[in-house]
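Student: Predicted model, plus sequence, below.
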Amino acid sequence: MKSLRYLLYAAILLTGCEKKNDDLVTPLVEDNFPQIILLSDEGDGELEDEDKFSFKITLADRADPTGEALGGKIVPLSADVTVNFEISEFGGFPTLSSYLLEATAFYEIDDCSTSEDEDIDLNLVFDKTTGKGSVTFPKGVEEIEIEFETDDELFDDDDINTSARTIEIKLTTVNANGQNVVVNDQNTFEYVVLDDDGIYGEYELEVDDADQLKAYIELFGLINEDVKNLRASDVEAIEIAFEYGEFKAIVVLKETEQVDECGEIETVNKEIEIEGEFEGLDDDKLAGEIEFAGDVEQENGSEKEFVYKGSFKLVNRILELALTGEYDDEETKEITLILKK
């Protein structure tokens, strides 16, 4: 997901000051200005056979009352409010009810539990005919999530679809329960159904192919020392994925480790993961240009950007990915990976 940048009230919050004397300037009391409820992200997307999607509603950062977080923090509400929202636009399917089945609302209590686990009702109401709904945003909570169950068979086919399948959601109003609270009704969240017959989806590199493994190590070893030092005997699998706005390259190692999953100890393979972001990659193209970028954290805490650019061609579920990498004044030659979907 991509995070929104909100400008509403920013100028007031940053420049509202009161001059007490010639030597001292102190901020005005921020309690005079409303808390802002807004969409947490501007968009997301999943493949055709996904059976759910969600969007999040949160609060804008405010000045930290304790003064500890200099950049501001979310200050939860002191009483419950009701947030109204609507699906303002949709396309690529006849009716909302043909795709949206059920809706639920919840918030995270900790990494292992949600409000649903505690039977806390957020009073979600959603009309699949009008696309309008409402939900309780509780006091003491920083973020809530609304999840839609979808018909995973509606779009799942073997054809390239040339028309976009999208849903656009916006917040409309808030019943503030006497509090000084408003909603940002200008920003929208767009959900996109991605065609898995195009470039989007998951691929595997044949790790038993010595030339292909060498090519992968040369390409991504530029930005990752662990990849650079890989041996064939270390590797269980190599997976590459094109997701909504994001490229992932994952080496699954034969070496395992134990992890605590909410009280249950599981043995899993160690992984080396590389992520980059891209824009403007159409899901209805079988060939084209591609560019993605990301950052590598340095020992001193700073970051340096890497960029990969090149082309792709998808034929009979075989992806030919030709890339050149640039990082820290170094550049690879063009390297081609052959990947199977």
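Tutor: Nice, thanks for sending it over.

Student: now N224: how far from V296?
Tutor: Using CB to CB, to the nearest Å, N224 is found at 8 Å from V296. Bear in mind the C-beta positions are built from the backbone N, C-alpha and C, glycine included.

Student: Those two: which is more packed in?
Tutor: Taking neighbours as other CB atoms under 10 Å, N224 and V296 compare with N224 leading, 19 against 16.

Student: so the more buried one makes contact with I272?
Tutor: Yes: contact criterion CB atoms under 8 Å: N224 and I272 qualify, at 6.6 Å.

Student: what comes up buried for the lengthiest helix in the chain?
Tutor: Scanning the chain for the longest helix, with DSSP state H as the assignment, gives helix 210-220. Residues of helix 210-220 classed as buried by neighbour count (16 or more other CB atoms under 10 Å): 212-213, 215-217, 219-220.

Student: If we only consider the residues you listed, which is nearest to E289?
Tutor: Nearest to E289, judged by CB to CB, of these is L219 at 17.1 Å.

Student: Quick check: the closest residue to that closest one other than its chain neighbours vs E206, distance?
Tutor: In space, L219 comes closest to I335 once its chain neighbours are excluded; the distance is 4.5 Å by CB to CB, 6 or more residues apart in numbering. Computed as CB to CB, the I335 to E206 distance reads 15 Å.

Student: Between those two, which is the more surrounded one?
Tutor: I335 (20 against 15).

Student: circling back: could you identify the most distant pair in the buried residues of helix 210-220?
Tutor: Across those (CB to CB), the longest gap, 12.6 Å, separates Q212 and F220.

Student: Identify all contacting residues around stretch 296-315.
Tutor: Stretch 296-315 has contacts (CB atoms under 8 Å, 6 or more residues apart in numbering) with 198-199, 219, 222-224, 247, 276, 286-295, 319-328, 334, 341.

Student: Can you pull the phi/psi pair for the residue nearest to L219?
Tutor: phi -120, psi 140 (degrees, to the nearest 10).

Student: next one: D117
Tutor: When read as degrees, to the nearest 10, the backbone of D117 gives phi -60, psi -30.

Student: For the nearest residue to it once chain neighbours are set aside, what is the enclosing helix or strand?
Tutor: Among residues not flanking D117 along the chain, I109 sits closest, at 7.4 Å (CB to CB, 6+ apart). Element membership of I109, judged by DSSP states H and E, is strand 108-110.
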